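A.B. asks: Sequence and computational prediction follow.
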Amino acid sequence: MEIGKVPENILKRSVFQKLNVKRPEVLVHPGIGEDCSVLQVEDAIVLSTDPITGTATDIGSLAFHITANDIASSGAELIGMLVTIIFPPGSREEELKEIMTDITALAERYKVEILGGHTEVSAAVNQTLVSVTGVGRTARDQIIRTDGLRPGQDLVVTKWIGLEGTSILAKEREEQLRSRLPGELVETAKGFDRYLSVVPDAGVAMKIGVTAMHDVTEGGIFGALWEMAAASGTGLEVDLRRIPIRQETVEVCEVFDINPYMLISSGSMLIGTDHGSRLVEELRRAGIHSAVVGYATEGNDRVVVNGEERRFLEPPRTDELFRAGKE
């Protein structure tokens, strides 16, 4: 495809033909020449936006999940998404078709309308960039925020930390990993992308009762713990040995000498609740692994305990995925 806006004929066959979800809240649907979508809702509107910059692998699916997870973390129902895709010169239409196939498959699964967006080829990028803005709805009295954690509450982590980073590394550095690890382990790690949605996790949590939710993304679980505590003005105490982690993640991270607790972790959610044990049981009934990993405290001390060792958390820094990419 040449530099400039993607031609109308390509848009029709590779984008618009794939848009099958039509929500009743949407008054103006996407189309050629339509610059805006129009929605009519009575509830509170929840917005979130994120680009995919750390990988060029499965970026359509990752872009959908990251934004859907943000909306779910607020306790809202995702209505629609705006999708912007910028390609470097020389990109092929098949790349656009693959991205849209991945996004629209997930949109149909979760009944989300693609409201519009923009597609372009530009010399300003050297790898494909996908940015998604999500629009959700919820009742005003059901909004959940990151800053809702209260002293004494349990901290619950769903699924396992490091899923997203493990999957990306297993796909992008497969040959290197296979030279060090069993092929079966690498294949399993590549498949961790099937766990990336926290929409079901949030659905269970909302029924049990929670005051804070935060999807675990860049900076890993250590970053998410710091952000929730800092936003809420609380301390915390967390047992490192209780944080759920897959052995595949441990071994992949050892190969690259990176910290799995600071690795991008979409698919895992951090939850503050008065009902930690009950939430873990309900998540188990729904087929979602989880664990109570600690609790919120008065003051500002954010402590991670590992046996006799106690360490203080620090503000999140560059995700370990980027450090692994430099090895």
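C.D. replies: Nice, thanks for sending it over.
A.B. asks: Sheet-wise, list the partners of the worst-scoring helix or strand of the chain on mean pLDDT with their directions.
C.D. replies: Taking mean pLDDT, DSSP states H and E as the measure, the helices and strands of the chain show their lowest mean at strand 4-5, namely a mean of 84. Within its sheet, and counting by DSSP bridges, strand 4-5 is paired with strand 113-121 (antiparallel).
A.B. asks: re earlier: centre of the chain to the least confident helix or strand of the chain, how far?
C.D. replies: Put simply, strand 4-5 sits 29 Å off its chain's centre (Cα atoms, centre = their mean, to the nearest Å).
A.B. asks: what do you get for stretch 305-315?
C.D. replies: 26 Å.
A.B. asks: Quick one, grab the pLDDT at the residue most central in space within the chain.
C.D. replies: In the chain, the C-alpha nearest the mean C-alpha coordinate belongs to residue 66, at 3.2 Å (Cα atoms, centre = their mean). Residue 66 is assigned a pLDDT of 94 by the prediction.
A.B. asks: Correct me if wrong: it contacts residue 267.
C.D. replies: No - under the criterion of Cβ atoms under 8 Å, residue 66 is not in contact with residue 267, lying 10.2 Å apart. Just so you know, the C-beta spots here come from the backbone N, C-alpha and C atoms, and that holds for glycine as well.
A.B. asks: Is residue 166 in a helix, a strand, or coil?
C.D. replies: Following DSSP: H, G, I helix; E, B strand; the rest coil, the label given to residue 166 is helix.
A.B. asks: I figured it hits residue 254, correct?
C.D. replies: No - look at residue 166 against residue 254 with Cβ under 8 Å: they stay out of range, at 11.7 Å.
A.B. asks: So between the two, which is more surrounded?
C.D. replies: Comparing residue 166 with residue 254 by other Cβ atoms under 10 Å, the one with more neighbours is residue 166, at 31 against 12.
A.B. asks: what about the more buried one, distance to residue 223?
C.D. replies: Going from residue 166 to residue 223 by Cβ to Cβ, to the nearest Å gives 16 Å.
A.B. asks: Run a quick neighbour tally on residue 146.
C.D. replies: Other residues near residue 146 come to 20 when the count uses other Cβ under 10 Å.
A.B. asks: Which pLDDT value goes with residue 53?
C.D. replies: As predicted, residue 53 sits at a pLDDT of 79.
A.B. asks: For the residue lying closest to it once chain neighbours are set aside, give me its contacts.
C.D. replies: Nearest residue to residue 53, sequence neighbours excluded (Cβ to Cβ, 6 or more residues apart in numbering): residue 129, at 7.1 Å. For residue 129, the contact set (Cβ atoms under 8 Å, 6 or more residues apart in numbering) comprises 51-53, 84-86.
A.B. asks: for residue 234, same thing?
C.D. replies: Residues touching residue 234, when contacts are defined by Cβ under 8 Å, 6+ apart, comprise 149-151, 296-300.
A.B. asks: can you rerun that using 10 Å?
C.D. replies: Applying Cβ atoms under 10 Å, 6 or more residues apart in numbering to residue 234 gives the contacts 147, 149-153, 212, 228, 272, 295-302.
A.B. asks: quick one, phi/psi of the residue nearest to residue 313 when sequence neighbours are not counted?
C.D. replies: When the adjacent residues along the chain are set aside, residue 313 lies closest to residue 302, with 4.1 Å between them (Cβ to Cβ, 6+ apart). In this entry, residue 302 is assigned phi and psi values of phi -120, psi 100 (degrees, to the nearest 10).
A.B. asks: Run through the bridge partners of residue 302.
C.D. replies: Counting by DSSP bridges, the residues bridging with residue 302 are residue 236.
A.B. asks: Read off the pLDDT value for it.
C.D. replies: In this prediction, residue 302 carries a pLDDT score of 97.
A.B. asks: Show the average pLDDT along the helix or strand hosting residue 238.
C.D. replies: Element membership of residue 238 [criterion: DSSP states H and E] is strand 235-239. The predicted model gives strand 235-239 an average pLDDT of 98.
A.B. asks: how many other residues sit next to residue 176?
C.D. replies: One way to gauge burial is a neighbour count; for residue 176, by other Cβ under 10 Å, it gives 14.
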